[in-house]
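Trainee: build me a model:
(one chain, ligands or ions: 1)
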Amino acid sequence: MRDVIPISIGAAASGLIVREHSMRARAERLSAATLETLLNAIDANDAETGAHVRRVAGYALILAKAAGLDVRRRHSIERVALFHDIGKMHGALTDIFHDPSRLTPEERRAVMTHPQRGAEVLAPLSAFYPELGKGVAAHHERWDGTGYPHCLKGGKIPLEARIVAIADTFDAITHRRRYSPARSFSEAVEAIRQGKGTQFDPGLVDLFLSQRVLSQVERAMRRAHSPQRKSENRRRGGQSHAPDITFRWRPRSLSSQSQDR
Ligand SMILES: [Fe+2]
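Mentor: As a prediction, this is how the structure comes out:
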């Protein structure tokens, strides 16, 4: 009789562990699905922004990996990169972003609200991803304290936002936009160099300018701009996103959802 009790306790404990593991896996899938739904909404609103944020995530991850950041921090940086422009999905801003003409001072002020609007959109996720809203709100802050919306300076700017700022600028220069043609890889590299210590974190700029990071960024850029990628995107119905750089944290077992329904 004495032997039976430990076995029962052991069986109950392992049952609890299995159940907890299954619940955790389900929560991770739900979290990935929620973020993917948000990204689909960005695509539906503006496929060009959807493609931009994915390229930015790709460049940001190269820099984050070179900085030796662990996988949790890299996921955090990827999330901030993917949602940094979600605040542009706003009635007051849509017309401004779709108008190729020069911004009036009033329109510029309206555009400058998008980091804070983005943080507000993402506020319900703050209990799960506290860094997300803060990183998104700070992606236009500058190292020298002259950015917006809060004039944060230096290390007060979240690391996620400092990395995304470099990746965002690099993509804005190398990819054609409604209001400006694409410029070359070397022009973009020069702009990042010029922003060292003023717009950007000087340590991160040094890392970005290292041969190892530059060659990876250039490869990623050529892949994203290749005619083959463009024709693949056309086949997908005009959405020009790059699926290989999105949701790397998504659990592999996503397709086996029926198991724990
Ligand atoms: Fe932005």
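
Trainee: for the most centrally placed residue in the chain, what are its contacts?
Mentor: Taking Cα atoms, centre = their mean, the centroid of the chain lies closest to A81, which sits 1.9 Å from it. By Cβ atoms under 8 Å, 6 or more residues apart in numbering, the contact set of A81 is 53, 56-57, 60-61, 163-164, 167-168. Where you see a C-beta, it was placed from the backbone N, CA and C, and this is true even at glycine.

Trainee: quick one: the helices in this structure, in order.
Mentor: Along the chain, the segments classed as helices by DSSP state H run 4-45, 47-66, 71-83, 91-98, 105-111, 114-122, 130-137, 159-174, 185-194, 202-208, 211-225, 227-235.

Trainee: I'd like the distance between the residue nearest to the centre of the chain and H98.
Mentor: 23 Å (Cβ to Cβ, to the nearest Å).

Trainee: now M89
Mentor: With Cβ to Cβ as the criterion, M89 and H98 are 12 Å apart.

Trainee: find the residues that touch each one of these two.
Mentor: In contact with both M89 and H98: no residue, using Cβ under 8 Å, 6+ apart.

Trainee: shaky segments in the stretch 51-200 of the chain?
Mentor: By pLDDT under 70, the low-scoring segments of the stretch 51-200 of the chain are 178-179.

Trainee: ok, and the closest non-adjacent residue to I96?
Mentor: E107 (4.9 Å; Cβ to Cβ, 6 or more residues apart in numbering).

Trainee: just give the number of residues close to the one you found.
Mentor: 17 (other Cβ atoms under 10 Å).

Trainee: next: the one 10 residues further on.
Mentor: Look at R117: counted by other Cβ under 10 Å, it has 20 neighbours.

Trainee: wait, it touches H90, no?
Mentor: Yes - between R117 and H90 there is a contact under Cβ atoms under 8 Å: 5.6 Å.

Trainee: so which of the helices of the chain comes closest to P149?
Mentor: helix 114-122 (5.1 Å; Cβ to Cβ).

Trainee: quick one: work out the angle between that closest one and helix 4-45.
Mentor: 140 degrees (axes from the mean of the first three to the mean of the last three Cα atoms, to 10 degrees).

Trainee: tell me what angle helix 114-122 forms with helix 130-137.
Mentor: 150 degrees.

Trainee: dump the C-alpha coordinates for helix 114-122 into PDB.
Mentor: Taking C-alpha atoms only, helix 114-122 is exported to PDB below (Å, rounded to 0.1, in the frame of the first residue of the first chain):
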ATOM      1  CA  HIS A 114       2.300  58.200 -35.500                       C
ATOM      2  CA  PRO A 115       4.800  56.700 -33.000                       C
ATOM      3  CA  GLN A 116       2.500  57.600 -30.000                       C
ATOM      4  CA  ARG A 117      -0.600  56.500 -31.900                       C
ATOM      5  CA  GLY A 118       1.100  53.200 -32.600                       C
ATOM      6  CA  ALA A 119       1.900  52.700 -28.900                       C
ATOM      7  CA  GLU A 120      -1.800  53.400 -28.100                       C
ATOM      8  CA  VAL A 121      -3.000  50.800 -30.700                       C
ATOM      9  CA  LEU A 122      -0.600  48.300 -29.100                       C
END
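
Trainee: end-to-end on stretch 181-188?
Mentor: Distance between the two ends of stretch 181-188: 13 Å, counting by Cα to Cα, to the nearest Å.

Trainee: buried ones in it?
Mentor: Residues of stretch 181-188 classed as buried by neighbour count (16 or more other Cβ atoms under 10 Å): 185, 188.

Trainee: centre of the chain versus that stretch, how much separation?
Mentor: 22 Å (Cα atoms, centre = their mean, to the nearest Å).

Trainee: sorry, back to before: make a PyMOL selection of the buried ones in the contacts of A81.
Mentor: Burial among these is assessed by 16+ other Cβ under 10 Å; the matching PyMOL selection reads:
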select buried, resi 53+56+57+60+61+163+164+167+168
